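Colleague: Attaching a predicted model along with its sequence, questions to come.
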2 protein chains.
Amino acid sequence: MTEPTALQPEPPAPKPEDERLLEEAIARGSAPDCLAWLESASHLDAVHALAALGAEERASLLALIPPEHAAEVLELLPESQAIEAVQDLHAPIAAEILAEMASDARADLVQSLDDDDAHAVLAELETEIAHDIRTLVAHDEESAGGMMVTEFVAFRDDMTIRDALADMAENAEKYADYNVQYTYVTDAIGRLRGVLPIRRLLFAKRSSPIGDVMIADPVSVPATMEFDDLRRTFMEHPYIGLPVVSSDGVLLGVVEQEDMAHAAVEEADDLYRQSQGIVGGEELRSMPLLTRSRRRLAWLSANIVLNIIAASVIAMHQDTLEAVIALAVFLPIISDMSGCSGNQAVAVTMRELTLGVTRPRDGLRVLLKEASVGLINGIALGVLIGAVAYLWKGNIALGGVVGVALALNTLVAVCIGGLVPLLLKAFKTDPALASGPILTTITDMCGFLIVLSLASAAMGYLS
Amino acid sequence: MTEPTALQPEPPAPKPEDERLLEEAIARGSAPDCLAWLESASHLDAVHALAALGAEERASLLALIPPEHAAEVLELLPESQAIEAVQDLHAPIAAEILAEMASDARADLVQSLDDDDAHAVLAELETEIAHDIRTLVAHDEESAGGMMVTEFVAFRDDMTIRDALADMAENAEKYADYNVQYTYVTDAIGRLRGVLPIRRLLFAKRSSPIGDVMIADPVSVPATMEFDDLRRTFMEHPYIGLPVVSSDGVLLGVVEQEDMAHAAVEEADDLYRQSQGIVGGEELRSMPLLTRSRRRLAWLSANIVLNIIAASVIAMHQDTLEAVIALAVFLPIISDMSGCSGNQAVAVTMRELTLGVTRPRDGLRVLLKEASVGLINGIALGVLIGAVAYLWKGNIALGGVVGVALALNTLVAVCIGGLVPLLLKAFKTDPALASGPILTTITDMCGFLIVLSLASAAMGYLS
């Protein structure tokens, strides 16, 4: 945590051509000009300009400026660009920059590198830092051990408050970058014994042993605890950080609540991204064309197969369609509207799952709640589309067929939409990715079948 | 911030019937049984059980248990249920519970009440608390003043460090609930003069005046600062909290970084929800049927009108369709696939807007980047669907028409999908809500037009 500095008036927003000044400074190889540009730009403008640079320019910039500034630049970049940039740097330079980063961000980056690059960088780092990275990387990224920081302040339980204060004063510079609201207390072999809030230090007698002042047996989490359990633990114990211990109780690091918030944002982002068909993680337009194209196509080709299966229902009823060609106008409307209604129900279930107010076994309740909405909305939409069909062709039977079909299929769509995420969750599959395609395939098939069957039953009145 | 307590082993997860124990305890009117249930349940189980109660049961529970516990229950509930519960309570009981809540959560709740309910509750509250709520509510909810908490520790600049420590010791109980990492320093009439990190208190000479030890002229934000600017300020000054001042510099409260993280989660949630057609805020299935139905229908009826407009393109080419009925099978496929491709591009633009790597004026870059992906993916999907059409009917012209149409329309869809959010943003409209419907309407019309025009041009080879 850096201390607040004097309030600086906001510099005027750089104009588009200003970004070229940064590019030119990089091309000239002028570190002072690059630094001056970065310091004068607002956070938002810096992000935009850095992301707009070519991959090589970004690497040149990082190699040019002092490592502590390069580390700041790396933290401004979207993750995918940061990884690419580190990969493009010579290992000794990358190592100098990594040495300036926070332990968890550093380990995440190294973990994302190719094996060769990771080994090259680790070989260049100080033994202590390399060991620290190896320890963090050894834990699953989604576990307490993988999310913790190793920057924490710990005292032995046989020290006195005076010793602790002296240590803090002596190491003030080192600790300045730590998020020190709590300090931790261990025994002689490093096992967690207690926590000591900074505020307690203020009021305790200087000669007391720390063991007497600390809060004993604090809440701690094992390094292997998975993310969902970790989040639950934070909900029940809303502290700023939780100590992470090894299987034999040795204090390894601290997971910060801030990281829970970041993980929640990431989860919500993933949900949106996957529901829109962006799979395999974030896509930025600075990524290589073929990577972007291939990843999008993977999703699209699964979808086109499902679409062809659904449309085969139409192919099987071609004679009905031939007799009443007006139906062809309504097929895409029924398909699209059922998809819309169903997706609303998917979104509500996804939200209720996140909040924890619905669980996979609550299917019956979801079904009843959705069926009643589906009935009302189905009738409303059915009457509307039926009226349009009647007014267009002056045929009441056409209006009836189209209207009843949309009403029924809306009911089907919201019920399936509400249930599909629960079923996927029950089968331990990620509902964000698969709910949409499963929903639209079923509702398309069902919608086409209803409208074409009704039409062939009412054929005498339609033509 | 409460202190860590002894580590408690996780109780076994209550089974579904356990939720009935809570309902029965409420029905019996037994506060001790309700409290015992709540304390034994895990956080997740409590949320699920509370959300599953009827609205009246929830209100009974809140009235039954002591106000400080009721305040905790209110904070567990999804916002919409918390508001409903407060509305269902007698004003004096609601006031007792609100008095136990944090200032910002309390003000948000009162702000969401009907005017009559809000006045009734305010009349029952202590003057000081009611005044505090009125002050917070007077600010825009999305501004620094609306988001701040009024729980902070401030000292006059002419006090000594010894005075400050004495005040902290004296008020230790009151401050225990505050997030005290920084204290604030004001002049005699309350204007912000500096900040004093708790850590500085540790090492300063007891007789120094606070004014000499504090960090002078700290970063502060005006109460009127809007959310986007506030977030930018936090990005540039990543402190745990920023002091909020009135137009004449008087310290009013503190906005916490934690609230920025919550707001970021909410924004991502909104994006997903709105892209799926859930408008007007969160929907939970515990809400009244007609509210849920009406809100969903508002979105659906706008969509059905757009759908009818798009389908009118088919109606105008009915003769072509009549001559080549097989085309009717491919119309919904082209509509759906173009929507999928376009939505992927929308999602990438939305993400780049959030990260700040793309801005409304970057349209040309977005267009070029999307066009190249659209070309590759359009050709791949076009070849696929063309082959299916050819294999089905053995007519190469049909394959050609359908394939070329999907290829062209994929190109159109990704370009429009990439640009629409930028245009909406440039016109200060919320892109999350409108991008999808605008995209699918344009790509549907365009897709239907391309396939039917190509077909009528190639009519001689199709039948």
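Modeller: Perfect, thanks for sending it.

Colleague: Domains in chain A, by residue range?
Modeller: A:16-138, A:154-263, A:289-462 (automatic domain parsing).

Colleague: would JSON lines of those with distance to chain B be doable?
Modeller: The way it works is simple: take the backbone N, C-alpha and C, and place the C-beta from them, glycine included. Shown next, in JSON lines, are the domains of chain A (distance: least, Cβ to the nearest Cβ, whole Å):
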{"stretch": "domain A:16-138", "distance to chain B": "4"}
{"stretch": "domain A:154-263", "distance to chain B": "3"}
{"stretch": "domain A:289-462", "distance to chain B": "4"}
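
Colleague: What is the neighbour count of residue A:139?
Modeller: By other Cβ atoms under 10 Å in any protein chain shown, 20 other residues sit near residue A:139.

Colleague: any idea which of the domains of chain A is most buried?
Modeller: domain A:289-462 (a mean of 21; mean count of other Cβ atoms under 10 Å in any protein chain shown).

Colleague: hang on, the earlier thing: do you know which of the domains of chain A lies nearest residue B:107?
Modeller: Ranking those by proximity to residue B:107 (Cβ to Cβ) places domain A:154-263 first, at 20.1 Å.

Colleague: how far does the closest one sit from the chain's center?
Modeller: Distance of domain A:154-263 from its chain centroid, counting by Cα atoms, centre = their mean, to the nearest Å, is 28 Å.

Colleague: So what pairs up with residue A:184 in the strands?
Modeller: According to DSSP bridges, the partner residues bridging residue A:184 are residue A:154, residue A:195.

Colleague: So it is in contact with residue A:191, correct?
Modeller: No - the criterion here is Cβ atoms under 8 Å, and residue A:184 misses it with residue A:191 at 10.8 Å.

Colleague: what do the two both touch?
Modeller: Taking Cβ atoms under 8 Å, 6 or more residues apart in numbering or on different chains as the contact rule, residue A:184 and residue A:191 both touch residue A:251.

Colleague: mind putting the domains of chain A in JSON lines, mean pLDDT included?
Modeller: Formatted as JSON lines, the domains of chain A follow (pLDDT from 0 to 100):
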{"stretch": "domain A:16-138", "mean pLDDT": "89"}
{"stretch": "domain A:154-263", "mean pLDDT": "86"}
{"stretch": "domain A:289-462", "mean pLDDT": "94"}
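
Colleague: Quick check: the gap between the spatially most central residue of chain A and residue B:55.
Modeller: Ranked by distance to the mean C-alpha position of chain A (Cα atoms, centre = their mean), the top residue is residue A:266 at 2.0 Å. When Cβ to Cβ, to the nearest Å is applied, the distance between residue A:266 and residue B:55 equals 34 Å.

Colleague: Repeat that for residue A:48.
Modeller: Distance, residue A:48 to residue B:55, by Cβ to Cβ: 48 Å.

Colleague: following the strand or helix carrying residue A:273, which helix or strand comes up?
Modeller: Assigned by DSSP states H and E, residue A:273 belongs to helix A:257-275. With elements assigned by DSSP H and E, the helix or strand that comes after helix A:257-275 is helix A:289-316.

Colleague: how would you label residue A:384: helix, strand or coil?
Modeller: Assigned by DSSP: H, G, I helix; E, B strand; the rest coil, the conformation of residue A:384 is helix.

Colleague: Then the one 4 residues further on?
Modeller: Classification of residue A:388 using three-state DSSP returns helix.

Colleague: Next: the one 3 residues further on.
Modeller: The three-state assignment at residue A:391 reads helix, by three-state DSSP.

Colleague: Also residue A:251?
Modeller: strand.

Colleague: That one: what's it in contact with?
Modeller: If you count contacts by Cβ under 8 Å, 6+ apart, residue A:251 has them with A:152, A:154, A:184, A:186, A:190-192, A:220, A:243-245.

Colleague: cool, residue A:354 as well?
Modeller: residue A:267.

Colleague: separation between it and residue A:238?
Modeller: 18 Å.

Colleague: Work out for me the element the residue lying closest to residue A:313 once chain neighbours are set aside sits within.
Modeller: In space, residue A:313 comes closest to residue A:448 once its chain neighbours are excluded; the distance is 4.2 Å by Cβ to Cβ, 6 or more residues apart in numbering or on different chains. For residue A:448, the enclosing helix or strand under DSSP H and E is helix A:431-457.

Colleague: State the next helix or strand along the chain beyond that helix.
Modeller: Using DSSP H and E, the helix or strand that directly follows helix A:431-457 along the chain is helix A:459-462.

Colleague: any idea how far stretch A:59-67 is from the chain center?
Modeller: 29 Å.

Colleague: Show residues contacting that stretch.
Modeller: A:22, A:26, A:29-31, A:34-35, A:38, A:50, A:53, A:70, A:73-74, A:85, A:88-90, A:93, A:96-97, A:99-100.

Colleague: what's the neighbour count on the nearest residue to residue A:183 once chain neighbours are set aside?
Modeller: Take residue A:183 and drop its neighbours on the chain: the residue closest to it by Cβ to Cβ, 6+ apart is residue A:153, 4.3 Å away. Residue A:153: 18 surrounding residues under other Cβ under 10 Å.

Colleague: and residue A:296, what is it in contact with?
Modeller: Per Cβ under 8 Å, 6+ apart, neighbours of residue A:296: A:277-278, A:283, B:341, B:344, B:373, B:377.

Colleague: how close does residue A:409 sit to residue B:343?
Modeller: In terms of Cβ to Cβ, residue A:409 sits 22 Å off from residue B:343.

Colleague: For residue A:132, give me its contacts.
Modeller: A:103, A:107, A:150.

Colleague: what are the ranges of the strands in chain A?
Modeller: Applying DSSP state E to chain A gives strands spanning A:154-156, A:182-186, A:192-197, A:215-216, A:221-222, A:241-245, A:251-256.

Colleague: Could you list the paired strands of the fourth one along with their orientation?
Modeller: If I follow you right, that is strand A:215-216. Here, using DSSP bridges, strand A:215-216 pairs with strand A:192-197 (antiparallel).
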